[in-house]
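In: Need a 3D model of the following:
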Amino acid sequence: MIRKYKPAPTGSTNSRPGGTAPARRPLNTQRRFNSNRRPLVRKSEPSTKFEKIDKTGKLRVMVLGGLEEVGRNMTVIEFNKEIIIIDMGLQFPEEDMLGIDYIIPNVSYLEDKKDWIKGVIITHGHYDHIGGIPHIMGAIGNPPMFMGKMTAGLVRKRQQDFRTAPVLNIKEIDETNRIKLGQNFDIEFLRVNHSIPDCFAIIINTPMGKVIHTGDFKIDFSPVNDKPADLNRIAQIGAQGVLMLMADSTDATHAGYQISESAIGDEMGKLFEKIDGRIIIGTFASQLSRVQKIFDLAAKYGRRVSLQGRGMNTNVEVAHQIGYLKFNPRVLVSDNELQRIPDKQLIIVGTGAQGETNGAFLSRVVNGEHRLVHFKPGDTIIFSSSVIPGNERTIQSLMDKMVRHGAKIINYKMMDVHAGGHAKQEDLKLMLRLLKPEYFMPIEASHYMLRAHAELAEQVGVPNNKIFVADNGQVVEFKKASDGKTMGELTKEKVVTDYVMVDGLGVGDVSDIVLRDRQMMAEDGMIVVIATVDTKTNDIIGNPDLISRGFVYMKENKDLIEKTRMIAKKIVKDQAGNLPLDDDYIKNKIRNDVGQFLFTQTKRRPMVLPVVIKV
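Out: Numbering: from 1, shown residues only. As a prediction, this is how the structure comes out:
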């Protein structure tokens with residue numbers, strides 16, 4: 001159930017401006033979810049007391065994704081057979097995951113605990129926090145979901161692409177709401193800033209104490225189209241006592257403070273004053289604050305905007321419909337009129353600033369595959385994003401091709417045309433000092449980033465033995481000691497968090513073995529050996545046929561191919577007298593002997609695929 005939360009005015013314990021305070025209702029009289037588990041709405045001031053709750057149980061916290069990578073974020077919090085889930089994201093594939101679209105969390109731990117799950121809370125609308133929803137919600141019983149208005153719009157839009165996914169039971173929230181999930185979780189929301197509107201830190205009041213999950217955040221005192229984080233309220237929460245803080249670690253290795261999104265608009269404005277030709281901006285489709293500044297600058301400098309890419313158009317459409325992006329629709333340029341707009345009046349905004357090759361706008365333009373946009377002298381291309389580690393070479397190659405077309409490039413190293421969405425070291429220390437947690441758990445990053453964040457926590461006074469740098473699936477456990485104090489421990493227990501890979505329509509059907517086969521074919525190629533056998537005599541008919549793909553060019557390696565063919569022929573002939581013919585033995589023998597021969601000749605290990613045809 002959802003209730004509006006309004007702090008009482010100073011000097012009053014139970015009053016509201018302009019009227020009498022409503023009577024509080026005890027927790028045990030509040031309505032529960034109906035049979036469909038739809039949340040029932042009520043406005044009242046909640047109690048965070050748990051006198052009637054069994055405190056002898058254990059509070060368990062486990063992260064199913066996001067502690068060993070950037071992405072796949074999903075956190076499970078459990079107490080006395082009740083569970084809440086925070087986020088349900090995807091992770092983009094690593095370089096050696098050939099053909100994989102993305103990776104989602106493994107929820108096998110939850111599949112026999114569907115009745116325990118009281119709700120799913122989403123911190124914000126980026127794919128690394130919402131991308132797993134269509135695949136996971138059905139598997140865990142489709143519990144009610146709680147998220148901000150912008151996030152809800154993006155989740156609903158994405159869900160439309162998955163026809164077999166269940167209809168979601170979404171309840172929109174803001175920082176004034178407070179929800180009671182089950183008997184053990186009383187949830188508050190704290191607005192934070194990021195690179196997309198409607199981001200919330202989650203405050204979970206439990207019988208063991210208060211646990212805070214920041215989601216992705218940064219400290220921005222002048223955000224675009226958003227409210228700044230309420231530092232006063234954060235300090236008040238810290239004064240109430242925080243059992244454990246789980247905080248974003250993505251930029252924990254970067255010194256200083258994160259730059260404000262408003263400053264990026266000012267820097268871009270200086271550029272717009274000087275540029276006469278087309279302005280082409282590459283950024284993330286989710287950087288809606290950046291897109292708002294581009295619309296503002298377009299209006300100021302008399303330019304119009306062309307949005308390129310499905311993700312970019314979808315996000316702008318959703319944000320504009322719910323009022324988070326404010327612009328005159330006439331500023332948008334349709335594809336039909338794109339060629340008629342003078343260069344000095346045009347801004348083109350698209351994706352691909354990370355050098356992505358999977359249909360991203362900039363990649364298609366630079367390779368001549370875009371039907372409308374082509375680079376030309378006079379273009380200024382602004383890379384309004386930082387370089388994600390591992391993408392350096394790809395982006396350098398992309399920029400090389402652009403300047404060959406006569407375009408000029410500006411990136412974040414030349415001037416402030418990008419602000420990150422994650423808190424840097426000084427911002428992280430500020431959050432730690434304001435909240436003053438007893439225990440601290442860095443989340444949402446690779447392991448070395450978690451360690452860097454842990455060091456920051458030590459610098460501001462969190463004891464080393466109360467900092468939990470966990471692996472995916474590793475259980476953090478809190479329980480009451482004999483003296484009544486809550487004690488925490490990073491246990492050795494681990495739940496399953498193996499990769500679940502999404503490949504086309506398949507979810508989880510690509511294993512490590514399949515990936516290894518793909519890797520082998522990519523590195524050394526494959527060779528198919530086809531032997532045709534007479535069923536009456538079990539003798540081979542003719543010579544085996546060979547097909548080489550990615551291994552050697554057969555016309556230029558006739559001697560090698562002929563020797564390989566004879567090895568395969570001999571293996572089949574040696575078995576001709578045995579009845580019945582053992583197909584499996586022949587295939588394994590061809591695979592092993594041909595593979596060994598090819599390695600001795602070429603020092604390469606192509607995948608050998610034997611085929612036995614009986615006629």
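In: count of neighbours near the closest residue to Pro437 other than its chain neighbours?
Out: Excluding the flanking residues, the one nearest Pro437 by CB to CB, 6 or more residues apart in numbering is Leu245, at 3.7 Å. All C-beta atoms are positioned from the backbone trio N, CA, C, and that covers glycine. Here the number of neighbours of Leu245 (other CB atoms under 10 Å) works out to 25.
In: surely Leu245 meets Leu432?
Out: Yes: if you go by CB atoms under 8 Å, Leu245 and Leu432 touch, sitting 7.1 Å apart.
In: Now for those two: what residues contact both?
Out: Here Leu245 and Leu432 have Phe440 as joint contacts, going by CB atoms under 8 Å, 6 or more residues apart in numbering.
In: quick revisit: skip ahead from the host helix or strand of the residue nearest to Pro437 and say which helix or strand is next.
Out: When elements are defined using DSSP states H and E, Leu245 is found to belong to strand 242-248. Read in the C-terminal direction, the helix or strand following strand 242-248 is helix 261-274, with elements assigned using DSSP H and E.
In: Could you give the separation of that next one from the chain centroid?
Out: Here the centre of mass of C-alpha atoms in helix 261-274, compared against the chain's by CA atoms, centre = their mean, to the nearest Å, lies 29 Å away.
In: cool, stretch 431-445 as well?
Out: Its chain's average C-alpha position is 21 Å from that of stretch 431-445, according to CA atoms, centre = their mean.
In: Output that stretch as PDB, nothing but the C-alphas.
Out: C-alpha atoms of stretch 431-445 as PDB (Å, rounded to 0.1, in the frame of the first residue of the first chain):
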ATOM      1  CA  MET A 431      26.900  11.000   1.400                       C
ATOM      2  CA  LEU A 432      28.700   8.800   3.900                       C
ATOM      3  CA  ARG A 433      29.200  11.700   6.400                       C
ATOM      4  CA  LEU A 434      25.600  12.800   6.200                       C
ATOM      5  CA  LEU A 435      24.100   9.300   6.600                       C
ATOM      6  CA  LYS A 436      26.700   8.000   9.100                       C
ATOM      7  CA  PRO A 437      25.900   4.300   8.600                       C
ATOM      8  CA  GLU A 438      27.000   1.700  11.100                       C
ATOM      9  CA  TYR A 439      27.800  -0.700   8.200                       C
ATOM     10  CA  PHE A 440      28.700   0.000   4.600                       C
ATOM     11  CA  MET A 441      28.400  -2.000   1.400                       C
ATOM     12  CA  PRO A 442      29.600  -0.600  -1.900                       C
ATOM     13  CA  ILE A 443      27.500  -1.700  -4.900                       C
ATOM     14  CA  GLU A 444      27.000  -1.200  -8.600                       C
ATOM     15  CA  ALA A 445      30.600  -1.500 -10.000                       C
END
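In: Report the buried residues of it.
Out: Of the residues in stretch 431-445, those buried under the neighbour-count criterion (16 or more other CB atoms under 10 Å) are 431-432, 434-445.
In: Mark which of the residues you listed are part of strands, please.
Out: By the criterion of DSSP state E, membership of the buried residues of stretch 431-445 in strands covers Pro437, Glu438, Tyr439, Phe440, Met441, Pro442, Ile443.
In: now the third one, which residues is it bridged with?
Out: The bridge-partner assignment for Tyr439, based on DSSP bridges, gives Met244.
In: So it is in contact with Gly488, correct?
Out: Yes: when contacts are counted by CB under 8 Å, Tyr439 is listed as touching Gly488 (4.8 Å).
In: joint contacts of those two?
Out: Each of Leu243, Met244, Lys466, Phe468 lies in contact with both Tyr439 and Gly488 under the rule CB under 8 Å, 6+ apart.
In: export these to CSV and tack on neighbour count and pLDDT?
Out: Below are those laid out as CSV (neighbours: other CB atoms under 10 Å; pLDDT from 0 to 100):
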residue, neighbour count, pLDDT
Leu243, 19, 97
Met244, 25, 98
Lys466, 17, 97
Phe468, 21, 97
